[in-house]
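Participant: predicted model and sequence follow; I will ask about them next.
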Amino acid sequence: MTKTSLSRKLDGMKDNLQNYMGRAKRYNNIDGTGEMGMGIMFLGFALLNCLQTALPANSMWSHGVASMLLLFAGILLTLGLIHWSTKAIKEHITWPRTGYVALRRSGKASWTVFALAACGGAVAASLMVLAARHNAMNVAEAVYLAMLVGIYAIFIYLSGEHPWKWLVVIAMVLGLLAMTLLVPSILMASWWFPMLFLSLGWLGSGGATLYLYIRHTQPPAPEAQ
Amino acid sequence: MNEQLRVISELDRVIHEPGRLMIIALLAAVKECDFLYLLHETEMNKGNLSSHLARLEEAGYVEIEKTYRGKVPQTLLRLTGSGRAAFEEYRKGLKAAFLSAHDTDAPPADIKIEESLACIKSPT
């Protein structure tokens, strides 16, 4: 073995190690629960927004503490639904088929996510303020939602599985673009329609992933444990 | 080249075996997992996986806990503190070998190190 082949062998080992260490994170969405969680969250937001739009202007739920309580209860319900549905799928479908995994929670990673979320929130809020001043809320809203689709695209790229999900990303981008250019009044009026659109995309993609997972995996014989 | 060989020969032989390296790398990324997950990810057969796990447990790198999920028996596996430290050391060693392999000039064509590498391969 010459030095070049040794380097190649070491390169291969390094790549393999990184691949194995990244598998647990990819395994987390092997059943589509991550996407379904996003879908449920946006469905909840869309329904809340729709409810607030539909409520009469003089209703007690449209103002002050009551409206905040309504929002809080809605968010709590949505998060509860995400938690319990994910848990049910993992416990009854995923773990009996391909095994149980508890991911490591590293403090550094949590702070990175927190910092990124804070930066993203600050950018989104600045964008909204700027858009409101220039009367271009529809564009700001479309950009904001497109950023979320961008994050989803990065997630698909990193997972490296299910290339058909790129079609979901394209459909989401085209849908948002069509709403912004063709029917800006929809976006101007409320948030619920584009959020419902994205949530259906994520629910559909997550559901298809779960279907494919069930189709391609079988629970092992009892002695496998 | 001698430096690379020295670094490679110092790698932990318990971890260096490909099957065990795969197991340790998978376990390093998680808090804990069950036997079925490793079986699925490594694509080994049960006997092979069990023997590798037994070797790792013997070295004190892996903790094996037999438990139940409902009425179903479950074997939980996690890396111990010393296992995690040994894996970190192994990665550092590998990185050093990798860097020295990239830094040094190409050796003469007649230099062969296959025999030297074979000496650090432990039995499966």
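Facilitator: Structure received.
Participant: hey, let's count contacts and neighbours off CA atoms from now on
Facilitator: OK.
Participant: against which helices or strands is the helix or strand encompassing A:Thr180 packed?
Facilitator: Assigned by DSSP states H and E, A:Thr180 belongs to helix A:165-182. Counting contacts by 3 or more CA pairs under 8 Å, 6 or more residues apart in numbering or on different chains; DSSP states H and E, helix A:165-182 is packed against helix A:137-159, helix A:184-189, helix A:192-216.
Participant: so how far is that helix off the chain centroid?
Facilitator: Computed by CA atoms, centre = their mean, to the nearest Å, the chain-centroid distance of helix A:165-182 equals 16 Å.
Participant: residue furthest from the geometric center of chain B?
Facilitator: B:Lys71 (32.5 Å; CA atoms, centre = their mean).
Participant: that one and A:Lys87, how far apart?
Facilitator: Distance from B:Lys71 to A:Lys87, counting by CA to CA, to the nearest Å: 18 Å.
Participant: where does the chain have its least confident helix or strand?
Facilitator: All of this refers to chain A. The weakest-scoring helix or strand in chain A, judged by mean pLDDT, DSSP states H and E, is helix A:184-189 (a mean of 60).
Participant: please go with chain B instead
Facilitator: helix B:114-118 (a mean of 44).
Participant: in three-state terms, label the residue minimising distance to the centre of chain A for me.
Facilitator: The residue lying closest to the centre of chain A (CA atoms, centre = their mean) is A:Met38, at 3.7 Å. Here A:Met38 is recorded as helix under DSSP: H, G, I helix; E, B strand; the rest coil.
Participant: is it correct that it is in contact with A:Ser199?
Facilitator: Yes: using CA atoms under 8 Å, A:Met38 makes contact with A:Ser199 at a distance of 7.0 Å.
Participant: next, count neighbours for A:Pro104.
Facilitator: Wrong residue type there; residue A:104 is Arg, not Pro. Residues lying near A:Arg104 (other CA atoms under 10 Å in any protein chain shown) number 15.
Participant: swap that for A:Trp111, sorry
Facilitator: Count around A:Trp111 with other CA under 10 Å applied: 11.
Participant: for B:Leu27, see how far away it is.
Facilitator: For A:Trp111 relative to B:Leu27 (CA to CA), the value is 23 Å.
Participant: hey, where'd the helices end up in chain B?
Facilitator: Using DSSP state H, the helices of chain B run over B:2-9, B:13-16, B:18-28, B:35-42, B:46-58, B:81-103, B:114-118.
Participant: so what secondary structure elements neighbour the fifth one?
Facilitator: Packing partners of helix B:46-58 (3+ CA pairs under 8 Å, 6+ apart): helix B:18-28, strand B:62-69.
Participant: angle of that helix against strand B:62-69?
Facilitator: 120 degrees (axes from the mean of the first three to the mean of the last three CA atoms, to 10 degrees).
Participant: check the residue positioned nearest the centre of chain B and give its pLDDT.
Facilitator: Centrality entry for chain B: nearest residue to the mean C-alpha point is B:Leu21, 2.2 Å, by CA atoms, centre = their mean. pLDDT recorded at B:Leu21 is 91.
Participant: isn't it right up against B:Ile15?
Facilitator: Yes: using CA under 8 Å, B:Leu21 is in contact with B:Ile15, at 5.1 Å.
Participant: what's the local residue count around A:Thr112?
Facilitator: Neighbour tally, A:Thr112, other CA under 10 Å: 11.
Participant: tell me the phi and psi of B:Thr80?
Facilitator: When quoted as degrees, to the nearest 10, the phi and psi of B:Thr80 stand at phi -80, psi 170.
Participant: quick one: contacts for it?
Facilitator: Listed by CA atoms under 8 Å, 6 or more residues apart in numbering or on different chains, the contact set of B:Thr80 reads B:60-63.
Participant: what does B:Arg20 give?
Facilitator: Counting by CA under 8 Å, 6+ apart, B:Arg20 has contacts B:14, B:52-53, B:56.
Participant: now A:Gly160: how far from chain B?
Facilitator: 16 Å (CA to the nearest CA, to the nearest Å).
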